[in-house]
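Colleague: Quick one: sequence and predicted model below, then my questions.
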Amino acid sequence: MLFGLGNEARQAGLDELAEHPRTDHQPVLHPNVVGDEIDIGEIAHRLKEAPVELTVMAAGIALLLVKYLLPRFNTLIGTDLQINYAENVSLLLLILGTTILEGLASGSYPAFVLSAFHPSHILKDQTASGKRGVKLRNALVVVQFSASIVLIISTIIIYA
């Protein structure tokens with residue numbers, strides 16, 4: 001079925017080309033491209049949308065794993081932990097809000113960085129070799145490295 005959809009789309013494109021042949025040798029531009037400007041809002045929206053969807057799916061999978069693995073975890077450590085989502089709606093709202101914020105935060109930086117590129121400048125090799133964004137990248141690397149060190153040390157302390 002997937003191959004059939006591709007063939008139908010290809011055939012529709014060929015039919016369109018046969019009905020309206022191009023006599024000029026201008027490149028065919030994407031509908032959202034005007035000159036060398038691209039609709040930055042659309043690109044940013046698309047790049048922010050995917051991480052939010054992924055984090056919502058990951059949170060759903062995590063909630064299902066907690067639901068089904070909590071009894072086994074309780075027998076493993078010898079306690080009786082319980083999470084009742086129906087009685088604790090504020091917990092679900094907190095999880096949902098955190099998930100959406102995390103998705104937006106993880107998609108915002110790539111969305112704004114990639115939407116700032118101008119295709120004509122890149123194709124003409126007129127890219128700026130400045131230090132724009134270097135401080136932020138370095139700060140993110142330092143924060144990530146520090147967090148991993150703290151987690152490793154905490155794990156060693158707990159199991160010691």
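Modeller: On my side now, so go ahead.

Colleague: for residue 83, phi and psi?
Modeller: phi -130, psi 120 (degrees, to the nearest 10).

Colleague: what's near enough to touch it?
Modeller: The contact partners of residue 83, by CB atoms under 8 Å, 6 or more residues apart in numbering, come to 66, 67, 70, 91. (Each C-beta comes from the backbone N, C-alpha and C, glycine too.)

Colleague: Let me have those residues in a markdown table, extended by secondary structure, neighbour count and distance to residue 154.
Modeller: Output for the contacts of residue 83, formatted as a markdown table (DSSP: H, G, I helix; E, B strand; the rest coil; neighbours: other CB atoms under 10 Å; distance: CB to CB, whole Å):
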| residue | secondary structure | neighbour count | distance to residue 154 |
| --- | --- | --- | --- |
| 66 | helix | 13 | 21 |
| 67 | helix | 11 | 26 |
| 70 | helix | 13 | 23 |
| 91 | helix | 12 | 24 |
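
Colleague: Greatest separation within these: which pair is it?
Modeller: Spatial extent of the contacts of residue 83 (CB to CB) is set by the pair 70 and 91 at 14.1 Å.

Colleague: hmm, back to that, which one of the contacts of residue 83 is nearest residue 52?
Modeller: residue 91 (20.2 Å).

Colleague: Specify which member of the contacts of residue 83 is nearest to residue 152.
Modeller: Using CB to CB, these come closest to residue 152 at residue 66, 24.2 Å.

Colleague: if you skip the residues just before and after it, what's nearest to the closest one?
Modeller: Leaving out its chain neighbours, the residue that sits closest to residue 66 by CB to CB, 6 or more residues apart in numbering is residue 83, at 6.5 Å.

Colleague: and the helix or strand harbouring residue 71, what does it pack onto?
Modeller: Here residue 71, judged by DSSP states H and E, is contained in helix 40-77. With contacts taken as 3 or more CB pairs under 8 Å, 6 or more residues apart in numbering; DSSP states H and E, helix 40-77 sits against helix 89-115.

Colleague: Any buried residues in the helix it packs on, and which?
Modeller: Neighbour-count burial for helix 89-115 flags 99, 102, 103, 106, 107, 111, 115 (criterion: 16 or more other CB atoms under 10 Å).
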